[in-house]
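> Below is the structure, and that's it, no one-letter string:
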């Protein structure tokens with residue numbers, strides 16, 4: 001895309017190329033920016049294409065409306081199954097997107113408002129800089145419906161905040177408010193809602209004016225030092241989640257969530 005060009009895909013996001021900045025926005029606010037298989041694939045394509053575009057120096061990733069991304073859209077599961085899309089394919093699409101963000105040779109800035117939940121946690125934390133509003137939060141609620149974290153969260157949370165907090169988030173399935181996330185090293189900064197955009201824009205402008213190759217090699221070195229187990233975590237998450245998606249506990253958890261009751265897990 002050329003300068004100031006934009007595109008809104010049927011998959012529910014927009015990509016606007018504004019000078020040296022590519023602004024990617026998930027545009028499903030009525031679904032709290034929950035994303036389905038098609039969205040994950042198209043987002044991955046967008047990040048991979050940007051990596052090959054020398055005119056892009058920085059990517060800003062955000063969600064339209066009140067939330068960043070509330071994870072996989074469970075309401076789309078039935079229609080995806082009818083189209084022959086398997087849980088393996090969904091996991092591959094999520095993993096490909098997270099890897100495309102991490103491996104992009106240009107910095108990625110996540111602008112987080114409201115909820116970053118489920119795979120949305122991995123998508124946000126895969127970015128190099130994460131700026132969040134004061135009311136935002138992270139939530140790995142998988143355990144509440146009989147699943148396990150995915151989107152690289154097992155590695156991305158632990159790499160920044162350590163194993164104890166990663167275990168707390170994954171095993172208890174409770175919200176981590178923005179101030180605590182910042183204190184733990186998961187957010188770059190937490191800002192008042194009216195300061196968030198200006199801060200993100202200032203960071204994007206500074207990076208866009210910087211030396212692309214130096215930025216690329218700096219990012220690569222940081223990732224090599226901190227995310228050495230990301231591939232292993234993604235593989236373990238895919239294996240475990242694919243199993244759990246077929247389990248009676250997930251069926252019970254999903255049914256309980258949709259009917260707004262407390263689940264009763266049977267276990268194995």
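The structure has been received and is ready for your questions. Small disclaimer: the values here were computed from a predicted structure and weren't measured.
> Please make it C-alpha for all contacts and neighbour counts, starting now.
OK.
> and residue 190, bridged to which residues?
residue 132 (DSSP bridges).
> mind checking pLDDT for it?
For residue 190, the pLDDT comes out at 98.
> do you know how far it is from residue 28?
24 Å (C-alpha to C-alpha, to the nearest Å).
> is it fair to say residue 111 lies in a helix?
No - using DSSP: H, G, I helix; E, B strand; the rest coil, the assignment for residue 111 is strand, not a helix.
> which residues does it contact?
Applying C-alpha atoms under 8 Å, 6 or more residues apart in numbering, we find residue 111 in contact with 60-63, 68, 130-132, 196, 200.
> run the last query once more with 10 Å
Residue 111 makes contacts with 25, 60-63, 68, 124, 127, 129-133, 196-197, 199-201, as judged by C-alpha atoms under 10 Å, 6 or more residues apart in numbering.
> and those, which are buried?
Among the contacts of residue 111, those classed as buried by 16 or more other C-alpha atoms under 10 Å are 25, 60-63, 68, 124, 127, 129-133, 196-197, 200.
> Tell me which of the residues you listed fall in helices.
The helices in this structure, assigned by DSSP state H, contain 124, 196-197, 200 from the buried ones among the contacts of residue 111.
> Output those as a markdown table; include the columns distance to residue 231.
Listed next are those as a markdown table, based on distance: C-alpha to C-alpha, whole Å:
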| residue | distance to residue 231 |
| --- | --- |
| 124 | 17 |
| 196 | 32 |
| 197 | 32 |
| 200 | 29 |
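> nearest to residue 21, of the residues you listed?
residue 200 (11.5 Å; C-alpha to C-alpha).
> contacting residues for that closest one?
Residue 200 is in contact with 60, 109-111, 129-132, counting by C-alpha under 10 Å, 6+ apart.
> returning to that earlier point: for the ones in helices among the buried ones among the contacts of residue 111, work out which two are farthest apart.
So, those by C-alpha to C-alpha: farthest apart are 124 and 197, at 16.1 Å.
> tell me the phi and psi of residue 114?
When read as degrees, to the nearest 10, the backbone of residue 114 gives phi 60, psi -140.
> burial of it, as a residue count?
22 (other C-alpha atoms under 10 Å).
> Need the per-residue pLDDT for it.
98.
> Would you confirm that it contacts residue 65?
Yes - using C-alpha atoms under 10 Å, residue 114 is in contact with residue 65, at 8.9 Å.
> shared neighbours of the two, anything?
residue 32.
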